[in-house]
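Enquirer: Return atomic coordinates for the entry below.
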Amino acid sequence: MKYNHIIFDIDGTMLDSAYADLTALQKVLLELKHENYPIEDLHFALGIPGEVALRQLKVEDVSVANRLWNKYMTKLAHTMKLFDGIKELLMELQSRGVRLGIITSKNRKELQNDFVPFGIHVFFDTIITVEDSSAPKPSPEPMLAYLNKAEVKSCEVLYIGDTLYDRDCAVNAGVDFGLAMWGCNSVEQIDATYYFKTPNEILQVNF
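Expert: As a prediction, this is how the structure comes out:
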């Protein structure tokens, strides 16, 4: 299989943001629901839109809670970092002529606040946020939106992510999936076309 496009998820794949994400959510729930949720009970929120996670947690005013979540995330931004090897990987893929894209559950504001400051957004030709498709991951709609926008066939694309939501989004659109094991908490539960222990292993795929 030869891929022309490599699409990446952001959180847990390129950006190590789990601590900030879940600690901020924990603070929101304590403030609004007066409940102290253990971090391990909030891992399900990684990889899905904030509004979806908040609704699952039965937060009454999702809009207020999401703004508060982003506020706490901003305060914890210093704890976020790129995973080792990500920038070097993107540079090498680009040098080989591979087109790069993003499908994320972040909205555009979150993308701007959380991801753009790291400076690697310039590598990507096509970016699909949660606002760019009719349904979020795990629906195939974000992937279908990407295929349409980039004018590429599903067989020419590899999507790399760290959650079951990412996997389902890809597979249900007929796209091969590579699991970013370095950011995944449930490797044994996710079927993938490829399992990558480090970002550098992605370069072993045929381009």
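Enquirer: drop to CA atoms for contacts and neighbour counts, all remaining ones
Expert: Fine.
Enquirer: Just the strands from this structure, written as ranges.
Expert: Using DSSP state E, the strands of the chain run over 5-8, 15-16, 81-82, 99-103, 126-128, 157-161, 176-180, 194-196.
Enquirer: Please identify the deepest-packed of those.
Expert: strand 157-161 (a mean of 26; mean count of other Cα atoms under 10 Å).
Enquirer: From N206, how far out is the residue of the chain most remote from its centre?
Expert: The outermost residue of the chain, judged against the average C-alpha position, is H34 (28.9 Å), by Cα atoms, centre = their mean. Using Cα to Cα, to the nearest Å, we find H34 at a distance of 51 Å from N206.
Enquirer: gap between the biggest helix by length in the chain and the chain center?
Expert: In the chain, taking DSSP state H as the definition, the longest helix is helix 18-33. With Cα atoms, centre = their mean, to the nearest Å as the basis, helix 18-33 stands 19 Å off its chain's centre.
Enquirer: I'd like to know which elements that helix is packed against.
Expert: Counting by 3 or more Cα pairs under 8 Å, 6 or more residues apart in numbering; DSSP states H and E, the packing neighbours recorded for helix 18-33 are helix 62-75.
Enquirer: The helix it packs on: which residues count as buried?
Expert: V62, A65, N66, L68, W69, N70, Y72, M73, T74 (16 or more other Cα atoms under 10 Å).
Enquirer: Please report how far the second one lies from D21.
Expert: With distances taken as Cα to Cα, A65 is found 13 Å from D21.
Enquirer: returning to what we had before: out of the strands of the chain, flag the one nearest Y146.
Expert: strand 126-128 (6.3 Å; Cα to Cα).
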